[in-house]
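Trainee: Sequence isn't available, so here's the structure alone:
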């Protein structure tokens, strides 16, 4: 693994119960990692609106 992450040329939309916010992921990121670290996120979409990850009710 490299010492420094590199920003990817895309945006992910972090959807929450109250709205949404954009992030620019790095090559170290996965939607699952971001979701695990941000329990307020209910869904993660790519820039085109495709769902990359969605929280399931357990």
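Mentor: Alright, I've got the coordinates. Remember, it's a predicted structure, so these values are computed and weren't measured experimentally.
Trainee: how about the helix-or-strand element of the chain with minimal mean pLDDT: buried residues?
Mentor: Confidence across the helices and strands of the chain bottoms out at helix 31-37, with a mean of 94, counting by mean pLDDT, DSSP states H and E. By 16 or more other Cβ atoms under 10 Å, the buried positions in helix 31-37 come out as 31, 34, 35. In this view, the C-beta of every residue, glycine as well, is placed from N, C-alpha and C.
Trainee: now stretch 34-53
Mentor: Buried-residue list, stretch 34-53, by 16+ other Cβ under 10 Å: 34, 35, 41, 42, 43, 44, 45, 52, 53.
Trainee: Would you agree the fifth one is in contact with residue 49?
Mentor: Same thing as residue 43. No: taking Cβ atoms under 8 Å as the contact criterion, residue 43 and residue 49 are not neighbours in contact, 10.6 Å apart.
Trainee: before we move on, the earlier item: residues in contact with the least confident helix or strand of the chain: which ones?
Mentor: Taking Cβ atoms under 8 Å, 6 or more residues apart in numbering as the criterion, the residues outside helix 31-37 that touch it are 12, 14, 23, 25, 41, 44, 52, 53, 55.
Trainee: for stretch 13-28, same thing?
Mentor: Outside of stretch 13-28, the residues that reach it under the criterion Cβ under 8 Å, 6+ apart are 1-2, 5-8, 10-12, 34, 38, 40-47, 49.
Trainee: Direction included, what does the helix or strand just after the least confident helix or strand of the chain pair up with?
Mentor: Stepping forward along the backbone from helix 31-37, the first helix or strand reached (DSSP states H and E) is strand 41-46. Looking at strand 41-46 with DSSP bridges, its partner strands are strand 12-16 (antiparallel), strand 51-54 (antiparallel).
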